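Novice: Next one to model:
(chains A and B)
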Amino acid sequence: NAGVTQTPKFQVLKTGQSMTLQCAQDMNHEYMSWYRQDPGMGLRLIHYSVGAGITDQGEVPNGYNVSRSTTEDFPLRLLSAAPSQTSVYFCASSYSRANEQFFGPGTRLTVL
Amino acid sequence: AQKVTQAQTEISVVEKEDVTLDCVYETRDTTYYLFWYKQPPSGELVFLIRRNSFDEQNEISGRYSWNFQKSTSSFNFTITASQVVDSAVYFCALSVGPTGGFKTIFGAGTRLFVKA
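Specialist: Predicted coordinates:
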């Protein structure tokens, strides 16, 4: 099993550009989440999904879109990148909210 | 509202000292789950322990122990005889139910430095 994979590992964008961060898991987990990690602020929940076709907003959803068309994939779209979105992004999955989450290796995004 | 507070931003200890990391949570759900994760300098997030709201038994795993007290809404983590390899950021997390939207939120983390 590959676990949770994220691509790319690093990305530099210019203000206003859009992009998609990819996340995939091969553990047949229903529950998937996107977090951003900023110094001193821990992991903040952006969006999450409790199953294919179901998504909901987390603590900091503005500027991001998600969709969950399959159990395996949960891409995060930045619509118009801003410098405030410079961060490390982690995707996570778990069997349910009652179970521990497995995290991807992270994507380090810089917006100039 | 649901919230996780880790009031200790950074802790520095000398090897072999015991250290306790505090975690206080808020939720209106009666069924919830608490977790601790470790993030070493390499950056990956590693699961340490899970507790559900109905299980207040303390747990010990080697040098690690956890104290869950519903009366004070706390889930504290103690490392006994700390080692340099324990240096990391430690996160407490809360997974909530219907009143919180079935999501998992994290505290801001506590950075632990263990000096040789």
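Novice: check contacts around the residue nearest in space to the middle of chain A.
Specialist: Centrality entry for chain A: nearest residue to the mean C-alpha point is A:Trp34, 3.1 Å, by C-alpha atoms, centre = their mean. For A:Trp34, the contact set (C-beta atoms under 8 Å, 6 or more residues apart in numbering or on different chains) comprises A:21, A:23, A:45-48, A:58, A:64, A:66, A:74, A:76, A:89-92. Using the backbone N, CA and C atoms, a C-beta is placed for each residue, glycine as well.
Novice: Of the residues you listed, which is the nearest to A:Asn99?
Specialist: Nearest to A:Asn99 out of these is A:Ala92 (C-beta to C-beta; 11.0 Å).
Novice: can I get the CA coordinates of the one helix or strand A:Leu43 maps to in PDB?
Specialist: Assessed by DSSP states H and E, A:Leu43 sits inside strand A:42-51. Output of strand A:42-51 as PDB, limited to C-alpha atoms (Å, rounded to 0.1, in the frame of the first residue of the first chain):
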ATOM      1  CA  GLY A  42      -1.000  24.100  14.200                       C
ATOM      2  CA  LEU A  43      -3.000  22.300  11.600                       C
ATOM      3  CA  ARG A  44      -6.100  24.100  10.500                       C
ATOM      4  CA  LEU A  45      -8.800  22.200   8.700                       C
ATOM      5  CA  ILE A  46      -9.700  23.500   5.200                       C
ATOM      6  CA  HIS A  47     -12.200  21.100   3.800                       C
ATOM      7  CA  TYR A  48     -13.100  17.500   4.600                       C
ATOM      8  CA  SER A  49     -15.200  14.700   3.200                       C
ATOM      9  CA  VAL A  50     -17.000  11.800   4.900                       C
ATOM     10  CA  GLY A  51     -17.400   9.800   1.700                       C
END
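Novice: Tell me which residues of the helix or strand following that strand come out buried.
Specialist: The first helix or strand that comes after strand A:42-51 along the chain, using DSSP H and E, is strand A:54-57. Neighbour counts using 16 or more other C-beta atoms under 10 Å in any protein chain shown place A:Thr55 of strand A:54-57 among the buried residues.
Novice: Counting by contacts, list what strand A:54-57 packs against.
Specialist: Strand A:54-57 sits against strand A:42-51, with contacts defined as 3 or more C-beta pairs under 8 Å, 6 or more residues apart in numbering or on different chains; DSSP states H and E.
Novice: tell me which parts of chain A are close to chain B?
Specialist: In this structure, chain A approaches chain B at residues A:33, A:35, A:40-45, A:48, A:50, A:56, A:58-59, A:88, A:90, A:92, A:94, A:97-103, A:105-106, judged by C-beta under 8 Å from any C-beta of the partner chain.
Novice: Please repeat the previous calculation with a cut-off of 10 Å.
Specialist: Chain A comes close to chain B at residues A:31, A:33, A:35, A:37-45, A:47-48, A:50, A:54, A:56-59, A:88, A:90, A:92, A:94, A:96-106, A:108, as judged by C-beta under 10 Å from any C-beta of the partner chain.
Novice: Narrow those to just the buried residues.
Specialist: Neighbour counting with 16+ other C-beta under 10 Å marks A:31, A:33, A:35, A:37, A:42-45, A:47-48, A:50, A:58, A:88, A:90, A:92, A:94, A:97, A:99-106, A:108 as buried within these.
Novice: By mean pLDDT, flag the weakest helix or strand of chain B.
Specialist: Ranking every helix and strand in chain B by mean pLDDT, DSSP states H and E puts strand B:59-61 at the bottom, with a mean of 86.
Novice: I appreciate the help and will end here.
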